[in-house]
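S.K.: model this:
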Amino acid sequence: MVRQLLLAGTALALAFPAFAPAYAADEAAAADEQAAPAAAPANEGEIVVTARRRAESAQKVPIALTVVSGLQLSNTGSFNLNRLQTSQPALQFYSSNPRNSAINIRGLGAPFGLTNDGIEQGVGFYLDGVYIGRVGASTFDFVDIDRVEVLRGPQGTLYGKNTTAGAVNVTSTKPSFEPEGKVEVSAGRYTFLQFKGSVSGPLSDTIAARISTSLTKRDGTIYDVTSRTDLHRLSNATVRGQLLWKATPDLDITLAGDFNRQNPLCCSQFFARVAPTQRPLARQYTALAAALNYTPPSFNTFDRVTDLDASINSRQEMGGASLVGNLDLGFATVTSVSAWRYWDWQPANDRDFVGLPITTVSQNPSQQKQFSQEFRLASNGSNKLQYTVGTFFFHQTINTQGSQVQGSAASRWLLSGADASNPNVLNGLTSTNTINFKNDSFAVFGKLNWEPVEGLHLQPGLRLNYDKKSGFYESIVSISNSQFNFTATADNVQAMLDSKTGAAKTTFQNQINTLAPQRYSPEFSAWNVSGDFTVSYDFARDIHGYATYARSFKSGGINLSGLPLNSTSTGVDLTTQTVKPEKENHFEVGLKTQWLDRKLTINLAAFLTEITDYQATVNNNAINVIRGYLSNAGKVRVKGVEWDTSFRPLEGLSTYFNGAYTDAKYVKFTNAPCPPELSGGTASPAQCDISGQVLPGISKWSLSWGGEYALPVGAEGQVYAGYDGSWRSKFSSNPSPSAYTWIGGYSLHNFRLGYRKGKDLNIFAWVRNAFDRHYYELLSTQSGSTGLIIGQPGDPRTWGFTVSKSF
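M.R.: Prediction:
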């Protein structure tokens, strides 16, 4: 039966043109999962990881890391990265929509709240060893996962892309030569329904296959009173296939593919509060809303109602294929990882966040394609001298077709003077954008592990990297209504401006300042050398310490979201086209210990990271610059302490307590965008000095804790109860701290109660956010300095049950 299903599934996969890849290159598997607490650190017993591209005990790896098994993901309902972050104190994930998502570790990774195709993420996201170039892919469901490894600190001398903050490695379950399968069904509140299934087994003596799928549906948690539709739904579908060929005892080849589609009918942010700005009172939110007879459907975000007057959607599709080969030469193993992937983004947004026709269209559909090739040579065995050397090539293209259309309320909302009372000035004003991006990267890397005396390991690493980025950005602005009819381009806008005088010139200036025609072709290329040096010592069998220094970098980039106007507003400031690389100095010490016959695990890490030329949103000195842009802040510093602990005091009881203290500040940032309370007036500063203030999105304290208690029932059965809690202190949700965009600290509590029989059957009920805590995931400001603060609430209390059966 299993063999027939596999043959049918493989035929379907080969016949389906968009079917795509996920490959498993490593031979290691996670250790015993049965009684592990839901989010316990990856060091109970002898859990094996491949964080350094070789199978080794997590406790002996001199890297701060956490591993979550596939069983733990299932038990906690952590079916994507957003849910996983609650159990990982040092991991932050923010997403106002899939394209505008960011993965941060220890507060570093990507500029907060900024989407720009021309820069790279500081946290690498890997699916079965393949680097994923678009962070939107991280919003998809985990499917048939063996484990997720979260590595903290700079990575790059062992594999793949260079990353300054860390990496998230997602490893799928590999094909098996023993017939096996699993089905999991979950149902719950908001008509939540999730199906996961996998089947694996041999097709011949040397070929094994695995087919996996996941379908997730859920009604929305936000109600739109205008369309009478619920928003923020879940609608995810994934299929993945793998073929493993054991060509010889020393050679295995894995061909894999995956196809993923997501159509959640999101994402909406809506009224949270109002902040005073420097605009005249008549041009701030309260007065503007009254003048247009507008009242939001609720002044309480957690009533979860909105009144969108524009289309909304966040459909995305992702897939690809990979071919991985491992050849054992005896003294070393050669690994080749070839992969092609694509990402297709089809959005629609209501970017004014209110039920008024201010911005009626705002969208940037994007199509990304990437090809990567990695070769590694890694020594075998546990010799006194071990090594890993390799090369990595990455090619990426992104094509974006953007559009923005202003509505009949835009003039009143955005302009001042006589033009504010004339709806035709901005009604129908349209910006059509063409954005192209090409990225080529090549690297040679290597790392040694020398044990000069027993227990002492000296581990230098080095990476030589070359990056070349080129792009094209063009915005054409047009309008056609009863009063105005023109098309402005970068070529004719100056002549059009010069041809006008008096009030007509002022009006035209207001129009092209609202949506600016421009065209430019930025380029960036650079060589970089980075490296690290780790000293580790095995004090005893279960006590391991390490100290690391890393000199890392984050590649430079190009601005592809439009440039600021120059000081005379007659064109764009071309000096802002490119962004310098970030340069990082990282220091870390750690101690990994196990006690009481490995029933008690205590792992500690302390770190200090300093980054110069930090990539951030900045302003220049011109009052009339209409947007911030991506450039380099002077310097940031992040320091902190982390701990991962677990304790199994008696049979059937497992507990854990993890935490992170993170102090992240701008050491020097003199040209930052100003917070809303200092913006919008004719006398408002063009920029603000926020040196010494905190970085956005980072709680000073973040904790997770919980456990599970199981009682035996019958020969193999267990009745169990589990609990997982988390808490984080307040954090800033604006690039420049504002009194009105702090998100208060909050805690979340999840419970589960169930019965399982070995690894074959698991039935449990669950509740997430059990006490229905009201909390914000994000707070943002409406553009235009009106003072409106809009929020994105986190999920309310949900409950349901899960049944899984293995065969």
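S.K.: low pLDDT regions in this structure?
M.R.: For the chain, applying pLDDT under 70 flags the ranges 1-47, 49, 51-53, 113-114, 566-570, 619-628.
S.K.: now with 50?
M.R.: Within the chain, the stretches with pLDDT under 50 are 1-45, 621-627.
S.K.: next one: stretch 606-616 to chain centre, how far?
M.R.: Averaged C-alpha coordinates place stretch 606-616 at 19 Å from its chain's average position (Cα atoms, centre = their mean, to the nearest Å).
S.K.: list the buried residues for it?
M.R.: Within stretch 606-616, the residues scored as buried using 16 or more other Cβ atoms under 10 Å are A606, F607, T609, E610, I611, T612, D613, Y614, Q615, A616. For every residue, glycine as well, the C-beta is placed using N, CA and C.
S.K.: need the contact list for the fifth one.
M.R.: So that's I611. Going by Cβ atoms under 8 Å, 6 or more residues apart in numbering, I611 touches L108, T164, E582, K583, E584, N585, K635, V636, R637, V638.
S.K.: would you say V168 is within a helix?
M.R.: No - using DSSP: H, G, I helix; E, B strand; the rest coil, the assignment for V168 is strand, not a helix.
S.K.: any idea how many residues pack against it?
M.R.: Using other Cβ atoms under 10 Å, V168 has 23 other residues around it.
S.K.: now swap in S780 and tell me
M.R.: 19.
S.K.: what's across from it in the sheet?
M.R.: Going by DSSP bridges, S780 is paired in beta bridges with I790.
S.K.: now do the helix or strand where Y466 lies: distance to the chain's middle.
M.R.: Per DSSP states H and E: Y466 is located in strand 456-480. A distance of 17 Å separates the centroid of the chain from that of strand 456-480, by Cα atoms, centre = their mean.
S.K.: now stretch 104-117
M.R.: The answer for stretch 104-117 is 8 Å, by Cα atoms, centre = their mean.
S.K.: first-to-last residue distance for that stretch?
M.R.: Start-to-end span of stretch 104-117 (Cα to Cα, to the nearest Å) is 17 Å.
S.K.: sitting in helices, which of the contacts of I611 do you find?
M.R.: Per DSSP state H, helices hold no members of the contacts of I611.
S.K.: other residues contacting stretch 397-409?
M.R.: So stretch 397-409 is contacted by 117, 292, 351, 356-370, 414, 423, 426-439, 475, 514-515, 560 (Cβ under 8 Å, 6+ apart).
S.K.: cool, stretch 596-604 as well?
M.R.: So stretch 596-604 is contacted by 41, 43-45, 59, 64, 542, 590-595, 641-649 (Cβ under 8 Å, 6+ apart).
S.K.: circling back to that earlier point, can you select the buried ones from the contacts of stretch 397-409 in ChimeraX?
M.R.: In ChimeraX syntax, the buried subset of the contacts of stretch 397-409 is picked out as below (16+ other Cβ under 10 Å):
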select :117,292,356,357,358,359,360,361,362,363,364,365,366,368,369,370,414,423,426,427,428,429,430,431,432,433,435,436,437,439,475,514,515,560
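S.K.: and T507, helix, strand or coil?
M.R.: Strictly by three-state DSSP, T507 counts as helix.
S.K.: neighbours of it, how many?
M.R.: A count of nearby residues for T507, using other Cβ under 10 Å, gives 21.
S.K.: for it, give its distance to A410.
M.R.: For T507, the distance to A410 equals 13 Å [Cβ to Cβ, to the nearest Å].
S.K.: sorry, back to before: tell me the one of the buried residues of stretch 606-616 nearest Q346?
M.R.: Q615 (27.6 Å; Cβ to Cβ).
S.K.: what sits against that closest one?
M.R.: P111, I119, K554, G557, V579, E582, L630, S631, N632, A633.
S.K.: direction included, what does the helix or strand hosting it pair up with?
M.R.: Assessed by DSSP H and E, Q615 sits inside strand 600-618. Pairing partners of strand 600-618, with direction, according to DSSP bridges: strand 582-595 (antiparallel), strand 629-650 (antiparallel).
S.K.: residues in contact with the first one?
M.R.: What that stands for is strand 582-595. Contacts of strand 582-595 (Cβ under 8 Å, 6+ apart): 43, 59-60, 62, 64, 122, 153-154, 164, 532, 542-554, 600-615, 632.
S.K.: mind giving me the ChimeraX command for buried ones among the residues you listed?
M.R.: Listed next is the ChimeraX selection for buried residues among these, using 16+ other Cβ under 10 Å:
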select :43,59,60,62,64,122,153,154,164,532,542,544,545,546,548,550,551,552,553,554,600,601,602,603,604,605,606,607,609,610,611,612,613,614,615,632
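S.K.: for the residue nearest to A208 when sequence neighbours are not counted, give me phi and psi.
M.R.: Distances taken as Cβ to Cβ, 6 or more residues apart in numbering place P175 nearest to A208, at 3.9 Å, with adjacent residues excluded. Reported as degrees, to the nearest 10, the phi and psi values for P175 are phi -60, psi 150.
S.K.: contacting residues around P175?
M.R.: Counted by Cβ under 8 Å, 6+ apart, P175 has contacts S200, A208, A209, R210, Q242, L243, L244, T254.
S.K.: would you list the buried entries among those?
M.R.: Buried among those (16+ other Cβ under 10 Å): S200, A208, A209, R210, Q242, L243, L244, T254.
S.K.: any idea how far Q718 is from D724?
M.R.: Counting by Cβ to Cβ - Q718 and D724 are separated by 18 Å.
S.K.: now swap in A547 and tell me
M.R.: 32 Å.
S.K.: same check on E454?
M.R.: From E454 to D724 the distance is 40 Å (Cβ to Cβ).
S.K.: who has more neighbours out of these two?
M.R.: D724 (26 against 7).
S.K.: ok, the more buried one touching L703?
M.R.: No - using Cβ atoms under 8 Å, D724 makes no contact with L703, being 11.6 Å away.
S.K.: shared neighbours of these two, anything?
M.R.: In contact with both D724 and L703: no residue, using Cβ under 8 Å, 6+ apart.
S.K.: G124: which element?
M.R.: Using DSSP H and E, G124 falls in strand 123-127.
S.K.: list just the nearest of the contacts of I611 to T277.
M.R.: Checking these against T277 with Cβ to Cβ, the nearest one is V636 at 26.8 Å.
S.K.: can you pull the contacts of that closest one?
M.R.: V636 touches L108, E610, I611, Y614, A664, K665, Y666, V667, F669, L695, counting by Cβ under 8 Å, 6+ apart.
S.K.: if we go to 7 Å?
M.R.: I611, Y614, A664, K665, Y666, V667, L695 (Cβ atoms under 7 Å, 6 or more residues apart in numbering).
S.K.: name whatever forms a beta bridge with it.
M.R.: Counting by DSSP bridges, the residues bridging with V636 are I611, Y666.
S.K.: how close does it get to E610?
M.R.: Taken as Cβ to Cβ, the span from V636 to E610 is 7 Å.
S.K.: swap in T798?
M.R.: From T798 to E610 the distance is 41 Å (Cβ to Cβ).
S.K.: check L563 too.
M.R.: From L563 across to E610, the span is 29 Å (Cβ to Cβ).
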